[in-house]
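K.L.:
Give me a 3D structure for the following:
(chains A and B)
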Amino acid sequence: MSKRIVINPLTRISGFMEIDVTVENNQVVDAKTKGNLFRGFEQMLIGRSPFDSVYFTQRICGICSSAHSMASSLALEDALNIVPMEQGRYLRDIIHCCEFLQNHIRHFYQYTVPDFVKIDQDSLFQADHDDFRLPSEINDRIARHYFESLTISRLAHQMLAVLGGKAPHNHGVFIGGITTQATAEKVVHLDSILQKISAFIDESMIPDVYDIAHYYQEYFHLGGGYGNLLSYGSFNNYKELGTLYVDPLVLTAEGMQVFDESKIQEKIDHSYFTSEKNTNSPEEAEPVPDMDKKDAYSWVKAPRYNGLPFEVGPLARLILSGLYDNGISAMDRTIARALEAKKIAEIMKVLLKQIIPGVDVQKKYKLPESASGRGLVDTTRGALGHWLKIKDKKISYYQIITPSTWDFSTRDENGYRGTAEEALIGTPIQNPEKPAEIGRILRSFDPCMSCATHVYIPGKQVKTIKVF
Amino acid sequence: MSQPVLPPEPLTNEAIAERLTSTAIKQLDRGLIKKRNLVYLELNGCSGNIISLLNGQNPDIEYALNSMVNLRYSNSLMAAEGEKAIEKLMDTLDEDFILAVEGAVALKNNGLYNIIGSWQGKPLTGLEAAKMLGEKASNILAVGACATHGGVSAAKPNPSESVGLQAVLPEKKMIKLPGCPVHPDWFLGTLAHLILYGEPETDNLGRPLMFYSTLIHDRCPRRPFFDRGIFAEKLGDKTCLFKLGCRGPVTRVDCPTRQWNGHVNWPIGDDTPCIGCAQFGFPDAMAPFISYDTTRVVKDE
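P.N.:
Below you'll find the model as predicted:
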């Protein structure tokens, strides 16, 4: 007996997403993930001043805007042949740390917790399912932390604004590092808030995630997927500090290898696009939309590394850096987010100690007539890449591959499903009328569909069907 | 309507929002006013305004949920998902509600460039939802640059054919809160005014005067540099950023005194020019955001 379950919208994510799952004998046998908005940033960027891309691309996403300012600045530095001062890198990476903290705290409490914890407040928090298992004492404690976390994540954005002017959509990250200079007052301002956030992570967030894990143990066996992990590197390769977190690495069944960016390709076999080839490197021409393409079912492209789909994000980074070895599953992913928050707070503490007040890292930059560059950086949700070309001092080409595009890609000509699609296969669905499992597994990836669908080009009307 | 004048400083910061908030508490305590329903609709955009809203502080989102509104629908925050979430949206239609919309309305492909959910087995587009809810709402707030005029979602060549909310609800009165993103005080302060006193006084473009009356340039702490002709040549300089492309002289909003994220900083405090994100026309009319060559005298260096 085959059933189809469509969830649209998948709430508590960034952006709009639809899930289309086929269930046989109460087990998921097929899954498709689809994003549901299109703006077309790559097209919008053509003809603009290359400098503007740092602020413009942040508008791809309101929850991880600094990530795009990072990748865009790195791509411009590559194109303009600028090596930032180490002080500039430290300051920029401190801003990036603040965004990690804001993201992880908000994703865990505001987006994940309502899947497992009853928050008796008003209709906003009424769930569709009744699979709530926590003893009332623990449930109530975590529900209380839901509201406390709002203050803490707000403080993370306040730290970001100290060096970045405002958040979301900061003004600080730029070519060379950041725009402003550190002062002693700013350093202690950041350290003071950081202590509060660290205490919350240690005393609330980590115990809360382990309590949830204890009562929902089967999620250690659900949502695994391929187990291929990838990172572009994170807080790594400092001149004096070396690597504080993780180097560019990939892990497959064949073991760990050094990341090689020439092995990144985007496939469009099952996406609504055509180009001369179905497989392109990120620097090649943009495929054009084609809604009538046979076998296409989605508008999200499929990035692959060495021909394989990969998982990116906190769990990938923790495993690649040797800091976590329990396994790969929906619950491991959720735990990894809390543990990474702690790790990021520690990294930020180290970076803050390196700051020399009053160092100006900015210059008057000149644009080349033509150039190309790429910026690859691991951000909260995983590996983010910006590729750009400059012609006549204007942007002539821009390509973005976001973390959620890796995790929520379509399948390819070799039959490999996207990472999150694969993670759903085999999942037992206890009650197909109230399928709590699907949302829990997908949210463990922290989907950011505002980012993944920035180039999304829809055409045909999508048929959505209720659970039947 | 009298010409807006520069309000005294204490009225420009948290003071306005706090005054409204404390009045709201008193009124609620006395049972004089009732919490209103709020539908928060995210359309074609980046969801940056709801994230900014979570950054609000006195009033904050906890206060707003406890004392100001019954938040009936929010794609980012609600526990329900799928059609059950949309059901909650539809349930609100026949009651009194305030509609807040962030994101632009994508017109391309009959709205299918932005599907916000599924209802009765059919895709519900942002366009349909905006029209349906907009027609029935008691008050409408267009939140952020994309909702007020298309914003970045409508940046050229505007592949999704995005427009501001007013374009699909031409007859409806709405309060416009431009900004990329909106400042949480601009939103929650306006909401407080709506609940306590009805619609706030707005300018001819629909912006509440209490937040959008005065040019950034007129309150900029770097104005003395402008007046003396001392201009920054690069980001990071501490002087007037006008010649790097600062849009403070055309942008009406209270960033210089209110500042951001718990009032700690703002773009000019970070030694960067204002990019005019709270001005109609952003981003295209405000681009380029950064230019280094406007002070050049000799063409060939």
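K.L.:
Skipping adjacent residues, who's closest to A:Pro403 in space?
P.N.:
Distance criterion C-beta to C-beta, 6 or more residues apart in numbering or on different chains; nearest residue to A:Pro403, sequence neighbours excluded, is A:Gly382 at 3.3 Å. Every C-beta, even on glycine, is put in place using the N, C-alpha and C of the backbone.
K.L.:
try A:Phe16
P.N.:
Once flanking residues are discounted, A:Phe16 sits nearest to A:Asn36: 3.7 Å by C-beta to C-beta, 6+ apart.
K.L.:
pLDDT score for that neighbour?
P.N.:
For A:Asn36, the model assigns a pLDDT of 73.
K.L.:
check contacts around it.
P.N.:
Each residue near A:Asn36 by C-beta atoms under 8 Å, 6 or more residues apart in numbering or on different chains is listed here: A:8-9, A:15-18, A:449, A:453, A:462, B:114-116.
K.L.:
residues in contact with residue 208?
P.N.:
Unless you meant another one, I'm taking chain A. Each residue near A:Asp208 by C-beta under 8 Å, 6+ apart is listed here: A:108, A:113, A:141-142, A:145, A:338.
K.L.:
not what I meant, chain B
P.N.:
B:175, B:177, B:186, B:189-190, B:193, B:200-202.
K.L.:
what's it sitting at in phi/psi?
P.N.:
Backbone torsions of B:Pro208, given as degrees, to the nearest 10, read phi -60, psi 130.
K.L.:
Let me know whether B:Ile51 touches A:Pro168 as I believe.
P.N.:
Yes - with contact defined as C-beta atoms under 8 Å, B:Ile51 reaches A:Pro168; the gap is 5.3 Å.
K.L.:
and the residue of chain B nearest chain A?
P.N.:
Distances between chain B and chain A by C-beta to the nearest C-beta are smallest at B:Gly48, namely 2.5 Å.
K.L.:
pLDDT score for that residue?
P.N.:
Looking at B:Gly48, its pLDDT reads 97.
K.L.:
What segments of the stretch 1-150 of chain A are strands?
P.N.:
Along the stretch 1-150 of chain A, counting by DSSP state E, counting those that start in this stretch, strands occupy A:2-7, A:17-24, A:27-35.
K.L.:
can I get those strands in TSV with distance to A:Arg443?
P.N.:
As requested, these are exported to TSV (distance: least, C-beta to C-beta, whole Å):
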stretch	distance to A:Arg443
strand A:2-7	11
strand A:17-24	10
strand A:27-35	12
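K.L.:
The helix or strand harbouring B:Thr190 close to chain A?
P.N.:
Element membership for B:Thr190 (DSSP states H and E) is helix B:184-197. No - Helix B:184-197 stays clear of chain A (C-beta under 8 Å from any C-beta of the partner chain), getting no nearer than 9.4 Å.
K.L.:
okay, now the nearest residue to A:Thr151 once chain neighbours are set aside: neighbour count?
P.N.:
The shortest distance from A:Thr151 to any non-neighbouring residue, by C-beta to C-beta, 6+ apart, is to B:Asp60 (7.8 Å). Neighbour count for B:Asp60, taken as other C-beta atoms under 10 Å in any protein chain shown: 20.
K.L.:
Might one say that B:Asp60 is in contact with A:Phe147?
P.N.:
No - taking contacts as C-beta under 8 Å, B:Asp60 lies outside contact range of A:Phe147: 9.8 Å.
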